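A.B. asks: Got a sequence here, can you model it:
(one chain, ligands or ions: 1)
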Amino acid sequence: MVHRQAVVEEVGSFPMSILEAWKRASPQPLWLIDPDRLSLSAYRTAAEAYLSAGGRWALVGGSFMSHAPVDEWCVAARRSVPLPLVLFPGSPQQLTESVDALLFLFLASGRNPHYLIGAHVEVAPLLYRWGGEVIPTTYILVGQANRTVHYITQTLPIPADKPELVQATALAGWYLGQKVIYIDAGSGADVSPSPEMVRAVRDRLSIPIIVGGGVHTPDVAASLIEAGANFVVIGTAAEKSQFSRTFWEEFFSLCQS
Ligand code: 1GP
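C.D. replies: Residues are numbered from 1 along each chain as shown. The predicted model follows:
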């Protein structure tokens with residue numbers, strides 16, 4: 001079998017992967033969809049509001065899902081709106097071929113072998129057969145150890161006052177060949193990752209930095225972008241806004257000013 005090269009976007013006559021597009025994109029908010037919390041009937045309106053405000057990609061996934069089968073959800077979502085979806089998988093059970101790319105998460109802040117190599121070996125043959133774009137991502141949990149992701153992964157986050165540890169962890173991921181850094185305070189966190197953490201990583205690395213968890217306002221998102229983030233992930237706050245177009249317009253205008 002020939003392993004397909006993922007091609008999801010074209011600029012001129014040059015095909016471009018999502019990772020390449022991310023490297024060139026201006027810093028911006030990035031919507032995280034939890035299929036457990038967004039019905040397919042509500043998805044179309046929500047996605048159109050995001051696209052019209054300037055959204056170009058969305059993450060899909062979550063550390064724990066009990067209702068929506070991710071595969072069915074993504075198949076139907078892609079038929080409904082042409083918004084590229086990037087899987088942010090909480091477990092191998094969330095794998096689906098109906099996405100445009102997948103974050104291959106290396107949970108570098110933790111010391112649980114399952115999230116450092118175990119799950120990766122389980123899914124590698126499936127990814128090979130799929131042949132889509134796999135984005136090696138150093139995933140760093142920070143802040144207070146009170147989120148679902150800590151319980152599910154049985155790992156401790158890096159304390160909020162240790163940007164130098166976040167920096168060292170990101171560097172380790174980069175030396176291991178990973179292409180993106182994701183600093184996450186966990187969905188619904190009271191406090192987002194700090195600009196100091198982002199700055200510490202940006203001081204050392206030029207690869208895309210995604211930051212999320214507890215970003216509730218455009219001001220916080222703008223401060224993270226100012227510190228060097230390429231993407232600020234917004235999940236819970238978008239849900240609370242009922243995915244309104246004004247909500248996204250405010251985020252995009254402050255993040256891109
Ligand atoms: C969690 O970074 C994401 O993994 C988004 O978090 O739901 O708090 O926006 P929120």
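
A.B. asks: Report how many residues lie close to the closest residue to the ligand within the stretch 1-150 of the chain.
C.D. replies: The nearest approach of the stretch 1-150 of the chain to the ligand comes at Leu32, 4.7 Å away (CB to the nearest ligand atom). Where you see a C-beta, it was placed from the backbone N, CA and C, and this is true even at glycine. Around Leu32 there are 23 other residues, counting by other CB atoms under 10 Å.

A.B. asks: and it, what element?
C.D. replies: In the assignment (DSSP states H and E), Leu32 maps to strand 28-33.

A.B. asks: ok, then the element right after that strand?
C.D. replies: Next along the chain after strand 28-33, taking DSSP H and E as the criterion, comes helix 40-53.

A.B. asks: List the buried residues for that next one?
C.D. replies: Residues of helix 40-53 classed as buried: Tyr43, Ala46, Ala47, Glu48, Ala49, Tyr50, Leu51, Ala53 (neighbour count, 16 or more other CB atoms under 10 Å).

A.B. asks: got these as TSV, with distance to the ligand columns?
C.D. replies: Formatted as TSV, the buried residues of helix 40-53 follow (distance: CB to the nearest ligand atom, whole Å):
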residue	distance to the ligand
Tyr43	17
Ala46	14
Ala47	17
Glu48	20
Ala49	17
Tyr50	14
Leu51	19
Ala53	16
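
A.B. asks: rewinding a little: elements contacting the strand holding Leu32?
C.D. replies: Helices and strands touching strand 28-33, as assessed by 3 or more CB pairs under 8 Å, 6 or more residues apart in numbering; DSSP states H and E, comprise strand 58-60, strand 209-212, strand 231-234, helix 245-255.

A.B. asks: Export those as CSV, with columns for distance to Asp100 and mean pLDDT.
C.D. replies: Listed next are the helices and strands packed on strand 28-33 as CSV, based on distance: least, CB to CB, whole Å; pLDDT from 0 to 100:
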stretch, distance to Asp100, mean pLDDT
strand 58-60, 10, 98
strand 209-212, 16, 98
strand 231-234, 15, 98
helix 245-255, 20, 94
